[in-house]
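> Return atomic coordinates for the entry below.
(chains A and B)
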Number of protein chains: 2
Amino acid sequence: MSELQITFLGTGTSVGVPMIGCDCETCRSTDPRDKRLRSSIYVETPECAFVVDTGPDFRTQCLRENIRKIDAAVYTHPHMDHVTGFDDLRRFTIPEEAVMPIYALPTCLTVLETMFSFSFNGTNRYRGYLKPVSYPVLGPFKLGETEIIPLPVQHGKVETVGWLFQRHGKKLCAYLSDMKEALPGTVELMRGVDTLIVDALRHTPHTTHMNFTEALEFREAVAPRQTWFTHIQCEILHERDEKTLPPDVRIAYDGLKLEW
Amino acid sequence: MSELQITFLGTGTSVGVPMIGCDCETCRSTDPRDKRLRSSIYVETPECAFVVDTGPDFRTQCLRENIRKIDAAVYTHPHMDHVTGFDDLRRFTIPEEAVMPIYALPTCLTVLETMFSFSFNGTNRYRGYLKPVSYPVLGPFKLGETEIIPLPVQHGKVETVGWLFQRHGKKLCAYLSDMKEALPGTVELMRGVDTLIVDALRHTPHTTHMNFTEALEFREAVAPRQTWFTHIQCEILHERDEKTLPPDVRIAYDGLKLEW
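Prediction:
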């Protein structure tokens, strides 16, 4: 088995692609790479498996990828498209004594604990129901042999991080699905990373996400071996727009797997 | 156009069918009627269209049924499988001045307003974002010419209602997706209803849902012309189990349409 495997559960923006009520070329596309559920990744290592974010499509994504094991859930930020599938984590805390460690910034945990209060406070803890345990992230932590390092970014009003995955001293991959720009120190933390997975919403500018131009500039600052764009809106047509990118930069799609 | 049309957006229980990690006969079934997203209906009338509940599959359901218009959202109760798709209502409040009326019991509105606080309090009200307006349900109300009458039921700890849809004095349909038993007065409110859509989780008993036997007894008390079972778990195999029911009782499935 590889050291680290990432499966893209979703690569879409908050409203997904296709978008309800939209008849644009991408939303009518039959290319499966233009069908984008809300952004999330599933990370497998020899010791354990975890998910980064649980958006509204989380159950659909687990079924599609036949996911049977999740040892922890890690969150980037508490926007709805990243958290509302939380309840479906219940299928991964069977048998009864199992708990689900939840790793997130304290501000993100507060939102999760408010939204899903009966789950955290145990008032709805019937047999087989989700038993989350909060792990406030104050710095790097480990899941098995993987060091997981928060990467602070600016993404509108809500405190947000990306995550750097490092094993045995090697910076294998950085995942930053939602960002407008890096906060001071973040690029330095990523220096030498093999693979960058990064927010690249569309061509036109957006107040809280990077567009293709900004994402390409960020990749120049980080200088990874390869870059994958994610959190894509329907302004982007996979086949047409990937051709315009440098050869080391690709557009991710739902179901894509990367390995180290 | 008919007076009232109901489309079943979902007919599944909280974890859906198939269930993550389950290899039972139903979860492996290729019968499309055994693929059940979380329970919800879309109601169309000559004057307006509305949805009852917005579970986690709400976007997927809107795309499947090509729903372009929702004038209001009505809720039965605030369990996660009925509310977590709330954020995707945003696609139905465009242009900017549009609002989304939310009809629910006061206790249910409190949960929605807490879970989706930035939506209700406007802190995240960027262009095109969801603008909900709360309508606490204290008794019957009207949407267009449809009288919508709350049907109080017992469903575990959370205050829950079904909904009776009446037009021009005719009781066309009662929808009770989640109930263990009716509360006093509810059966009388439904007397003379044409169609009953009712919670019938499975064969074995459950603490907060009716099983097939209880649902059949409830239908005898209500005495409708026809009955459709919904909120179905994977213990039920559509083809096999529908055969065992009386001819006026059927098992609903995702995408089924009923008209009056």
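
> phi, psi of A:Leu112?
Phi and psi for A:Leu112, reported as degrees, to the nearest 10, are phi -60, psi -40.

> show me what contacts it?
Contacts here follow C-beta atoms under 8 Å, 6 or more residues apart in numbering or on different chains; on that basis A:Leu112 touches A:75, A:78, A:83, A:86, A:102, A:104, A:120, A:132, A:134. The C-beta positions use only the backbone N, C-alpha and C, and glycine is treated the same way.

> How about the first one, nearest residue that isn't a chain neighbour?
By that I understand A:Tyr75. Spatial nearest neighbour of A:Tyr75, chain neighbours left out: A:Ala104 (3.9 Å); criterion: C-beta to C-beta, 6 or more residues apart in numbering or on different chains.

> Now for the residue nearest to A:Thr208 when sequence neighbours are not counted: which residues touch it?
Nearest residue to A:Thr208 in three dimensions, chain neighbours excluded: A:Gly156, at 3.7 Å (C-beta to C-beta, 6+ apart). Remark: with contacts taken as C-beta under 8 Å, 6+ apart, A:Gly156 is in contact with A:180, A:207-208.

> Please list only the buried members of those.
A:180, A:208 (16 or more other C-beta atoms under 10 Å in any protein chain shown).

> nearest to chain B, of the contacts of A:Gly156?
A:Thr207 (7.6 Å; C-beta to the nearest C-beta).

> Pull the contacting residues for that closest one.
A:Thr207 touches A:156, A:180, B:126, counting by C-beta under 8 Å, 6+ apart.

> ok, now with 7 Å
Taking C-beta atoms under 7 Å, 6 or more residues apart in numbering or on different chains, we find A:Thr207 in contact with A:Gly156.

> just to revisit the earlier point, mind checking which of the contacts of A:Leu112 land in strands?
A:102, A:104, A:132, A:134 (DSSP state E).

> Now distance to A:Thr45 and neighbour count too, for those, in CSV please.
Below are the ones in strands among the contacts of A:Leu112 laid out as CSV (distance: C-beta to C-beta, whole Å; neighbours: other C-beta atoms under 10 Å in any protein chain shown):
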residue, distance to A:Thr45, neighbour count
A:Ile102, 18, 26
A:Ala104, 20, 26
A:Pro132, 21, 21
A:Ser134, 22, 16
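
> Can you tell me the centre-most residue of chain A?
Centrality entry for chain A: nearest residue to the mean C-alpha point is A:Ser40, 3.6 Å, by C-alpha atoms, centre = their mean.

> That one and A:Ser177: what is the separation?
Here the criterion is C-beta to C-beta, to the nearest Å. By it, A:Ser40 lies 8 Å from A:Ser177.

> tell me the helices in chain A, going along the chain?
A:58-64, A:80-83, A:106-115, A:117-120, A:186-190, A:212-222, A:238-242 (DSSP state H).

> okay if I get these as a markdown table plus mean pLDDT?
Listed next are the helices of chain A as a markdown table, based on pLDDT from 0 to 100:
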| stretch | mean pLDDT |
| --- | --- |
| helix A:58-64 | 98 |
| helix A:80-83 | 97 |
| helix A:106-115 | 97 |
| helix A:117-120 | 91 |
| helix A:186-190 | 98 |
| helix A:212-222 | 98 |
| helix A:238-242 | 98 |
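
> Which of these has the highest mean neighbour count?
helix A:80-83 (a mean of 26; mean count of other C-beta atoms under 10 Å in any protein chain shown).

> quick check, distance from it to the centre of its chain.
A distance of 10 Å separates the centroid of the chain from that of helix A:80-83, by C-alpha atoms, centre = their mean, to the nearest Å.

> repeat for stretch A:240-250
In terms of C-alpha atoms, centre = their mean, the centre of stretch A:240-250 is found 21 Å from the chain centre.

> before we move on, back to that, from the ones in strands among the contacts of A:Leu112, which two are the most distant?
Spatially, the most separated pair among the ones in strands among the contacts of A:Leu112 is A:Ala104 and A:Pro132, at 10.5 Å (C-beta to C-beta).

> Chain B contacts on chain A?
Contact residues, chain A versus chain B (C-beta under 7 Å from any C-beta of the partner chain): A:15-16, A:18-21, A:56, A:59-60, A:62-63, A:68, A:80, A:84-85, A:87-88, A:91, A:114-115.

> so how far is chain B from the nearest residue to A:Ala221 once chain neighbours are set aside?
Spatially, and ignoring its direct neighbours in sequence, A:Ala221 is nearest to A:Val187 (5.2 Å; C-beta to C-beta, 6+ apart). Distance, A:Val187 to chain B, by C-beta to the nearest C-beta, to the nearest Å: 28 Å.
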